[in-house]
Structures are given as structure tokens and as C-alpha cells.
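# Got a predicted structure here, sequence first:
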Protein chains: 2
Amino acid sequence: MAAVDDLHRTADERLRADGQRYTANRRALVDVLATSGCPVTMTEVLAAAEGLALSSAYRNLAVLEDAGVVHRVVTTDDTARYELAEDLTGHHHHLVCTTCGVVADIDVPEALEHHIDELARSAAAATSWSVDHHRLDLLGTCPTCRSAQRS
Amino acid sequence: MAAVDDLHRTADERLRADGQRYTANRRALVDVLATSGCPVTMTEVLAAAEGLALSSAYRNLAVLEDAGVVHRVVTTDDTARYELAEDLTGHHHHLVCTTCGVVADIDVPEALEHHIDELARSAAAATSWSVDHHRLDLLGTCPTCRSAQRS
DNA sequence: ATGAGTGCAAAGGCTTTGCATTAGG
DNA sequence: CCTAATGCAAAGCCTTTGCACTCAT
């Protein structure tokens, strides 16, 4: 998998640029996130990375986030989720289940992104805030919770 | 203030429909949220509603949320914020400060809302999720934190 | 009088931190 | 060697819950 090698190389570079080492634990975390396909909870991270201590997972995910490799996703419940940074996976948005909290990725039409960028510019101009990113979530019910409702 | 009277009447109706009473504490909470103009933290709620117990504030905000009077806003930090439900204040989106967490309201052009609704429909059709709402946040730095950075 | 609402204190759950040990450069 | 990283346990912080008391109907 050349793509995965590239990912690790990029992660390594970013951590070094941040004065950090790309250790086995950190590499394992990146693998977990690259494999999962959607933002994952700490519980899921620990299940996928056997032998990794809870505190190391939190600390390393924070280090990876500081280095711009990982993004911490906060939705509506009290459990954070983690995914690879957008510039590694491509810009996307989220479908969030308001029942169980699970998050899926969705792509958004270029035209809509363009409209949002315009909004960001005009809002920044009107408010004296600076605007860096945006976040568009669709909130609803995932297939699993939908079938649970019906039964 | 006729508008505020309407607000309290609506809140009262919704609580009763939910089998709940519109008590003095709950009325005070609605007043705090109506006055603040942007989503507020629990700390701010307690400061504004003198004599209100922490547990009562949490419990009553939960009751008000269940009744559809209040909306709990989760952004990027670990402190929830509360605002009046959108159908009481009008649909809007948020400007979130990634430094201090403060949240401001912004209105979004009708055309953009329309595009987002289309996205919601197509995403629902493509994924077998059901989609109820959306949430668009602009993430950046508020004026206060911007001046703190410069100094 | 009867159940909802309230306040205090204690407990919960996710996350962070202190500290001794281990490993990488 | 020397600093960073790790793992365990303890602490923190926001939030929820248990329980006795008060208030409204």
C-alpha cells in the first residue's frame, strides 16, 4: 500500500517538524484511523490498538493533533472522536446520528463549498472575527438506530 | 415587551404539553437565554440566575430541551452551551472561537440554506440514514482572542 | 395530601496529569 | 547517557444522580 506508506511518511515529517518522534504507538494510532474509515471513539481506538494504554492514547492523539496529523471531532454527545486530518483524507463533512452518536463521512458538492467559503468571507468582514475553517454536519439517524426504532 | 411575553407563553405551553410545569426557575432560565443573545455556558447561566442551584440548572435545562424550548450547543471544547430553540429565535448558524470557545450567531443566506437542504436530501437518499437537521459552524478567532494574540 | 421541583452533597464518566520506568537517538 | 515516551494510578472537570425538604395544585 503505497498510500499508507505516504501517510506514515507525512505523519513522520509533521511530528519531526513539531519536535516529536513517530513512535510505534503513534504509528499504530495512525493505522487505526486510516483503517477505520470514519471518526472513532477512544473505546474503539483502544479496542483496535491492543496493548495501548489509555493515557498514551489520549496523549499521543493530542500530540498528533498538534502536529496536524489527527483531528478531534466533537459532535453532540460527551465522547470525542478522532479522524485523520482533512488534508490527508480530503475535505469532507459528517453525518451524525443523534441517537447513538456514530459519525459517517460525506462529500459535499464543490458549488456548496464555494457558497460556504463566501459566507465565511462575508461573516468575517461583518464581525471582525477571523474565520479559518467551517464545519457542516447533517444530523439524523443512522441505519442501525432506525431499525432499532422500528422494532 | 410583548415578544418576551409570547416567549414565556410558548415555553409554558410546550412544557405543559410535555407534562411539566413552568416554574420560576425555568422561567428565569428562559429569561437568561433570551437576554444573552448568544449561547451561554453553565457558568454564565449560574452567574445570571442568582440563587439557582447547579443541579436545578442542569435538570431544568434538560427539561426545557426535551420540551423543545432550549437547545444544547456542543462545539469544540468540553463545556456545553445553551440557547433558545431555533423555532423561537429563527434558524441561524454559529461562529465558534477555537481559542476561547465563545459562540456568536450568524444568519445565512436563503440560497445557501437551500443548497444545504438539497445536500441533506441527496445524502439521505444515498446512505439510508434519515436526516433531520443540519449544523453549519464557522470556526475562527473572536475579536477578544485576536487582540490577545497581537499583544 | 400528593407528586413535582429544589438544593446540597456525592457519585459518574471522560479526560488529563503525576510519577516511576522504559526506550529511542 | 539523556530526554522523550510509556503505563499505571490518581486527580480534574463537567455533568448526573440520590435524597430529604419544600412548594404548588
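Structure's in. What do you need? Numbering: from 1, shown residues only, chains lettered A, B, ... in the order given.

# in the lengthiest helix in chain A, what counts as buried?
The single longest helix within chain A, with elements called by DSSP state H, is helix A:110-127. Buried residues in helix A:110-127, counted by 16 or more other Cβ atoms under 10 Å in any protein chain shown: A:112-113, A:115-116, A:119-120, A:123-124, A:127. For the C-beta atoms, the positions are set from N, CA and C on the backbone; glycine is no exception.

# Could you dump the residues you listed into a markdown table with distance to residue B:67 added?
Shown next, in a markdown table, are these (distance: Cβ to Cβ, whole Å):
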| residue | distance to residue B:67 |
| --- | --- |
| A:112 | 33 |
| A:113 | 36 |
| A:115 | 34 |
| A:116 | 32 |
| A:119 | 31 |
| A:120 | 34 |
| A:123 | 31 |
| A:124 | 36 |
| A:127 | 32 |
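
# downstream neighbour of the longest helix of chain A in the secondary structure list?
For helix A:110-127, the following helix or strand on the C-terminal side (DSSP states H and E) is strand A:130-141.

# can you tell me the average pLDDT over the helix or strand following that next one?
Next in sequence after strand A:130-141, counting helices and strands by DSSP H and E, comes helix A:143-150. Throughout helix A:143-150, pLDDT has a mean value of 90.

# now stretch A:101-121
On average, stretch A:101-121 scores 95.

# wait, does it contact DNA strand C?
No. Stretch A:101-121 stays clear of DNA strand C (Cβ under 7 Å from any atom of the strand), getting no nearer than 10.2 Å.

# ok, is that stretch in contact with chain B or not?
Yes. Shown here: stretch A:101-121 in contact with chain B (Cβ under 8 Å from any Cβ of the partner chain) through A:104, A:106, A:108-109, A:111-112, A:115-116, A:119-120.

# Up against DNA strand D, what does chain A have?
Near DNA strand D, when you scan chain A using Cβ under 7 Å from any atom of the strand, you find A:20-21, A:23-26, A:51-56, A:59-60, A:63, A:78.

# Am I right that residue A:136 is in contact with residue B:116?
Yes. Here residue A:136 lies in contact with residue B:116, judged by Cβ atoms under 8 Å, at a distance of 7.0 Å.

# just to revisit the earlier point, tell me which two in the residues of chain A next to DNA strand D are the farthest apart.
A:21 and A:78 (31.3 Å; Cβ to Cβ).

# for DNA strand C, what are the nearby residues on chain A?
For chain A, the contact set with DNA strand C under Cβ under 7 Å from any atom of the strand comprises A:21, A:23-24, A:41-42, A:54-55, A:58-59, A:62, A:78-80.

# go again using 10 Å as the cut-off
A:12, A:16, A:21-25, A:41-43, A:45, A:53-59, A:61-62, A:65, A:72, A:74, A:77-82 (Cβ under 10 Å from any atom of the strand).

# can you give me the strands in chain A?
Residue ranges of the strands in chain A, as given by DSSP state E, are A:40-41, A:70-73, A:81-84, A:93-97, A:103-106, A:130-141.

# which stretch among the ones you listed comes nearest residue B:97?
strand A:130-141 (9.7 Å).

# Mind listing what's buried along that closest one?
Buried residues in strand A:130-141, counting neighbours by 16+ other Cβ under 10 Å, are found at A:131, A:134-141.

# Nearest to residue B:96, out of those residues: which one, please.
residue A:135 (8.2 Å).

# And chain A, what are its domain boundaries?
A:1-90, A:92-151 (automatic domain parsing).
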